[in-house]
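Peer 1: dropping a prediction and its sequence here:
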Amino acid sequence: MDKTLTAWLLLAASIAAEVIGNLALRRADGFSRLLPGAAALGCFALAVWLMSLVLRRLEMGLTYAVWAGCGIAGTALLGILLHGEAASVARMAGLTLIVAGVVVLGAFGR
């Protein structure tokens, strides 16, 4: 498999680990619940380790922008879908802009 494609797949896995970590962190209730707290820490550690592998192949600025943008959008969308958080027009517009920025960076930022 192409090393650049592998890096993008690792980046997607890192983003997924970060989003899952954020969901677990919400359930950890200030780390008063052991299992969700440990899951959050484990997911965050996995996300950082995967990012370290991605940075061997992709530029740091591009990688971090895509990672952060997708992590923010994914966490916010799952907060809306799973936890009933507000889905206001302003919030959805902001998330759309984040996703658009990630798409532009991914397509033209290399």
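Peer 2: Looks like it came in fine. Numbering: from 1, shown residues only.
Peer 1: what residues are up against the residue lying closest to Leu58 once chain neighbours are set aside?
Peer 2: Excluding the flanking residues, the one nearest Leu58 by Cβ to Cβ, 6 or more residues apart in numbering is Ala7, at 5.1 Å. Placement of C-beta: from N, CA and C, glycine included. Counting by Cβ atoms under 8 Å, 6 or more residues apart in numbering, Ala7 touches 53-54, 56-58.
Peer 1: which element is Ala7 on?
Peer 2: Here Ala7 sits within helix 3-27, counting by DSSP states H and E.
Peer 1: what are the buried residues along that helix?
Peer 2: 7-8, 10-11, 13-25 (16 or more other Cβ atoms under 10 Å).
Peer 1: circling back to that earlier point, which two of the contacts of Ala7 lie the greatest distance from each other?
Peer 2: Farthest apart among these by Cβ to Cβ are Leu53 and Leu58. That separation is 10.1 Å.
Peer 1: more crowded one of these two?
Peer 2: Leu58 (20 against 14; other Cβ atoms under 10 Å).
Peer 1: how close does the more buried one sit to Gly74?
Peer 2: 19 Å (Cβ to Cβ, to the nearest Å).
Peer 1: for the protein, which spans come out with low pLDDT?
Peer 2: The model of the chain has pLDDT under 70 over residues 109-110.
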